[in-house]
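Novice: starting from these lines, generate the structure:
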Amino acid sequence: MAGMAVFIHGMWGTPDVWRNWRAFAEARGWRTVAPALRHHDASPLTPPPALATTSLLDYVADLETYLRALPEKPVVVGHSMGGLIALLLCARGLARAGVLLTPAAPASVVALRPSNLLAFLRIQTTWGWWRKSHRATLAEALSHTFNTTDPNEGRERHAAFVHDSGRALFEMALPWLDRGKATTVDPRRVTAPLLFVAAENDKLTPPGVVRRTAARFAAVATYREYAGQGHWVPGQPGWEQIAADAFAWLDGLPTTGRR
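Specialist: Presented below is the predicted three-dimensional model:
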């Protein structure tokens, strides 16, 4: 099925988080691109003022424009928040398939767990957090994002973290209060095959959350869970096997649906 793969980074990320996966895919004949989400090409220490109130739907709209301009319908590979964005793009009929790596949950799945509540406790106990930009501290990142990653890599990756949108976090964390219904996805609108990847030791999107999300899209979903892995599937030890499995799954799909 080799063709074009669009890699979508997650919260606090930049396109560089895909350095491993893009090289892996290109060595297997895929053409890859990894656009930056809106305002994510800024300095890690100086967020653009407009970022704080940027909606998840703004990210999706930008990527819809980007995907429609491509010479062929791509597959989308998203991590964490990027996995939810990939799902939303699939619901708009913009991708041949989606690989959703430890994805944030849509509105229909209750995603709150003690581990992810703790991960965002400092941010969400600041008054007005839903209209402020935010960035994980090193301690928070090592504890929750990079908990199964070499701490030295965790520090390097954290140093490149940029700020993210309080509004987007609000839309994902409290979807029942979001009038814009940014994370609402009708499973009937998703016809592209989806691969859901969960990690046993994921503290941000625990495997039970990913499993329940996959069940909502059972008509098109394949679910895989990896023992001993945490949230950082783009680069933690063992990422190669996950990437190999994901692209083997893609290669096994029908080669239909290209523009």
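Novice: helices or strands next to the helix or strand where residue 154 lies in the packing?
Specialist: Using DSSP states H and E, residue 154 sits within helix 151-159. The helices and strands touching helix 151-159, judged by 3 or more CB pairs under 8 Å, 6 or more residues apart in numbering; DSSP states H and E, number zero. C-beta: built from backbone N, CA, C; applies to glycine.
Novice: return whichever helix or strand comes after it as PDB; C-alpha atoms alone will do.
Specialist: Downstream of helix 151-159, the next assigned helix or strand under DSSP H and E is helix 166-173. Output in PDB follows, covering the C-alpha atoms of helix 166-173 (Å, rounded to 0.1, in the frame of the first residue of the first chain):
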ATOM      1  CA  GLY A 166      -5.600  25.700  26.700                       C
ATOM      2  CA  ARG A 167      -8.800  25.700  24.600                       C
ATOM      3  CA  ALA A 168      -7.700  22.500  22.800                       C
ATOM      4  CA  LEU A 169      -7.000  20.800  26.200                       C
ATOM      5  CA  PHE A 170     -10.400  21.900  27.500                       C
ATOM      6  CA  GLU A 171     -12.100  20.400  24.400                       C
ATOM      7  CA  MET A 172     -10.400  17.100  25.000                       C
ATOM      8  CA  ALA A 173     -10.600  17.000  28.800                       C
END
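Novice: which residues does helix 166-173 contact?
Specialist: The contact list for helix 166-173 (CB atoms under 8 Å, 6 or more residues apart in numbering) reads 11, 52-56, 59, 81, 84, 104-105, 111-112, 120, 123-124, 128-134, 177-178, 180, 182-183.
Novice: quick one on the thing from earlier: so for the helix holding residue 154, what's the average pLDDT?
Specialist: Averaging pLDDT along helix 151-159 yields 95.
Novice: tell me which residues in it are buried?
Specialist: 154, 157-158 (16 or more other CB atoms under 10 Å).
Novice: still on that earlier bit, what about burial for the contacts of helix 166-173, which qualify?
Specialist: With burial judged by 16+ other CB under 10 Å, the buried subset of those is 11, 52-56, 59, 81, 84, 104-105, 111, 120, 123-124, 129-130, 132-134, 178, 182-183.
Novice: who does residue 8 form a beta bridge with?
Specialist: Counting by DSSP bridges, residue 8 forms beta bridges with residue 78.
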